[in-house]
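J.: Got a sequence here, can you build the structure:
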Amino acid sequence: MNILLIYPEIPDTFWSFNYAVRFIGKKAAFPPLGLLTVAALLPEKWPKKFVDTNVERLSDTDLVWADMVFIGGMTIQRESACRIIDRCRTFPVTLVCGGPLFTSEPEQFETVDHLVLDEAELTLPLFLSDLKNGGAKKIYRARGFSDLGQTPAPLWHLLNIKRYASLSVQFSRGCPFNCDFCNVTALFGHRPRLKTLDQIIGELDSIYNMGWRSSIFFVDDNFIGNKKFLKDHLLPALIRWRSDKKGCVFFTESSINLADDPELLTMMVKAGFDSVFIGIESPDETALSECHKVQNKNRDLLESVAIIHRSGLQVMGGFIVGFDSDPPSIFQRQIDFIQKSGIVMAMVGMLQAPPGTRLFDRLQRQSRVVKPFTGDNVDGTTNILPQMGMESLSKGYQLIMKQIYSPANYYRRVRTQLRALKPPEVFQPLDIQRFLSFFRAGLRLGILGKERFCYWQLILWTLVRRPRLISVAVTLSIYGYHYRKICERYIF
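T.: Have a look, this model is predicted:
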């Protein structure tokens, strides 16, 4: 049976980095790790093709070849997924869909032949068994959560990895916290489930042996969900792994309590991590209480960020406006916090209510869920009726984005971060594309861009004050170009 796996297009967002990856000659930021893992769960004897529509076109020839099409994706890929589904319906193929998009709202996809939902490690074998016996059902749901120790390594050979800026590894699923607006625990539970050391090292070896020397994203919902295992097992194993390796810088997602553990910070930097995404959400304690962000409460958030920066990890921050308790002053408070913190990559979105969350259930009971959840944090809207009113929220959100992504404020944050940041212990090798990116940045940002004065001021300042961080300065400048393009196109 010929299997065609299709990954829908991701629209322009902060996380897409569409405008940034072009500087290093790439097509997309991240590969479709989940769908590659699904491919590994399918019978080995079945011929497989993979089409990531973010880096290549889906052709009629691909669909004619296929007997069965698998589509997986996130909520933000809904529009592209629906187009692909409609196109597949014009061919004599069996259509199978799964992943967060379909798991959250299966009732929206009546034309799909089979919905294999929740974690594929549990539901895909049931589907394959029924398919073999001639009785495959419409919907497959899981009870409980899978044992990641049984998860196979993704089939990287199905992709051209040179098209991506970063590759991905997943060590754990689940998060010990219970944030009101987050659907991670609804999808994957509160107890972090872990892969074995042999699995992780095996996946890293496979990536390294393919010639990869660039960024690797640990896509865990909360990388430090099990600190003891990290410190006793995984991080020492990663330190040993890179003892005879070059390149392969890691980054991941974490909660802010990472700042409370100096030993963990030191080990992560030594293992090769150089940045971490953290959900800051709000500097307002009342808002943090409202959304049950307990790990962020009763602490000096600015100092926590500074501690992480001084360790050598760049903080990428997530921020939210539109909580019921948000006062009119919240917009300026967010601006002030972001500027003071030196969080360069500040991803600000309006509060949305994903299906399956406590926030969604509560607001639905109040008749305040008014639109489908898009998963997009830069579309300038939300799926709920905000307490402050949509007009006030929209104007305040635009104010934040105009301020923090103005060239002067953005480059000021870069300098704030570089002053505090300890130089990383691991650098990516300077390949031809990264070498050319310096000249592309010089042309696009330093000559053609409206930020040219700020750009050259930063470059000169870094060469004089923090010369070991010059590549970081250029990289952050390129990210700023991406964020401004997104803001100018979709928000301002």
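J.: Only C-alpha atoms from now on, for both contacts and neighbour counts.
T.: Fine.
J.: ok, so what distance separates residue 341 from residue 401?
T.: Distance, residue 341 to residue 401, using CA to CA, to the nearest Å: 16 Å.
J.: who's more crowded, those two?
T.: A direct count of neighbours by other CA atoms under 10 Å for residue 341 and residue 401 places residue 401 higher, at 23 against 20.
J.: ok so the more buried one is a strand residue?
T.: No: looking at residue 401 with DSSP: H, G, I helix; E, B strand; the rest coil, it is helix, so not inside a strand.
J.: Return the residues in contact with it.
T.: Listed by CA atoms under 8 Å, 6 or more residues apart in numbering, the contact set of residue 401 reads 348, 487, 491, 492.
J.: Could you let me know which of those residues ends up closest to residue 306?
T.: Of all the contacts of residue 401, residue 306 sits closest to residue 348, with 19.5 Å by CA to CA.
J.: What is the burial count for that closest one?
T.: 21.
J.: Helix or strand with the lowest mean pLDDT in the protein?
T.: helix 184-188 (a mean of 86; mean pLDDT, DSSP states H and E).
J.: all strands for the stretch 1-150 of the chain, in order.
T.: 3-7, 48-52, 68-72, 94-98, 114-116, 139-140 (DSSP state E, counting those that start in this stretch).
J.: Quick one: mean pLDDT for stretch 225-240?
T.: For stretch 225-240, mean pLDDT is 97.
J.: So what does residue 218 look like in phi/psi?
T.: Phi and psi for residue 218, reported as degrees, to the nearest 10, are phi -80, psi 110.
J.: follow-up on the earlier one: of the strands of the stretch 1-150 of the chain, flag the one that's most buried.
T.: Stretch with highest mean neighbour count among the strands of the stretch 1-150 of the chain: strand 114-116 (a mean of 25; mean count of other CA atoms under 10 Å).
J.: what does that strand rub up against?
T.: 95-98, 102, 106, 123-124, 127, 136-141.
J.: how about a cut-off of 7 Å?
T.: 95, 96, 97, 98, 123, 124, 137, 138, 139, 140, 141 (CA atoms under 7 Å, 6 or more residues apart in numbering).
J.: partners of that strand, with directions?
T.: strand 94-98 (parallel), strand 139-140 (parallel) (DSSP bridges).
J.: what's the domain layout of this structure?
T.: Listed domain ranges for the chain are 3-140, 165-420 (source: automatic domain parsing).
J.: Looking at the ones you listed, spot the one closest to residue 482.
T.: domain 3-140 (4.9 Å).
J.: can you give me the end-to-end distance of that closest one?
T.: End-to-end for domain 3-140, by CA to CA: 19 Å.
J.: same check, this time on stretch 69-76
T.: 20 Å.
J.: Run the chain-centre distance for it.
T.: Relative to its parent chain, stretch 69-76 has a centroid offset of 15 Å by CA atoms, centre = their mean, to the nearest Å.
J.: Can you list the buried residues in the host helix or strand of residue 205?
T.: Under the criterion of DSSP states H and E, residue 205 resides in helix 197-209. By neighbour count with 16 or more other CA atoms under 10 Å, helix 197-209 contains the buried residues 197, 199, 200, 203, 204, 206, 207, 208.
J.: Give me the distance from it to the chain's centre.
T.: The mean C-alpha position of helix 197-209 is separated from the chain mean by 21 Å, CA atoms, centre = their mean.
J.: And the closest residue in space to residue 292 that isn't next to it in sequence, how far from residue 294?
T.: Leaving out its chain neighbours, the residue that sits closest to residue 292 by CA to CA, 6 or more residues apart in numbering is residue 179, at 5.2 Å. As for residue 179, its distance to residue 294 is 8 Å (criterion: CA to CA).
J.: Give me the more crowded residue out of these two.
T.: residue 179 (21 against 14).
J.: quick check, the more buried one in a helix?
T.: No: in this structure, residue 179 is coil, not part of a helix, as judged by three-state DSSP.
J.: Check whether it really touches residue 291, as I assumed.
T.: Yes: if you go by CA atoms under 7 Å, residue 179 and residue 291 touch, sitting 5.8 Å apart.
J.: want to try CSV for the strands of the stretch 1-150 of the chain, with mean pLDDT and distance to residue 274 as columns?
T.: CSV is the format used below for the strands of the stretch 1-150 of the chain (pLDDT from 0 to 100; distance: least, CA to CA, whole Å):
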stretch, mean pLDDT, distance to residue 274
strand 3-7, 98, 28
strand 48-52, 98, 28
strand 68-72, 98, 30
strand 94-98, 98, 32
strand 114-116, 98, 36
strand 139-140, 98, 40
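J.: Thanks a lot, catch you later.
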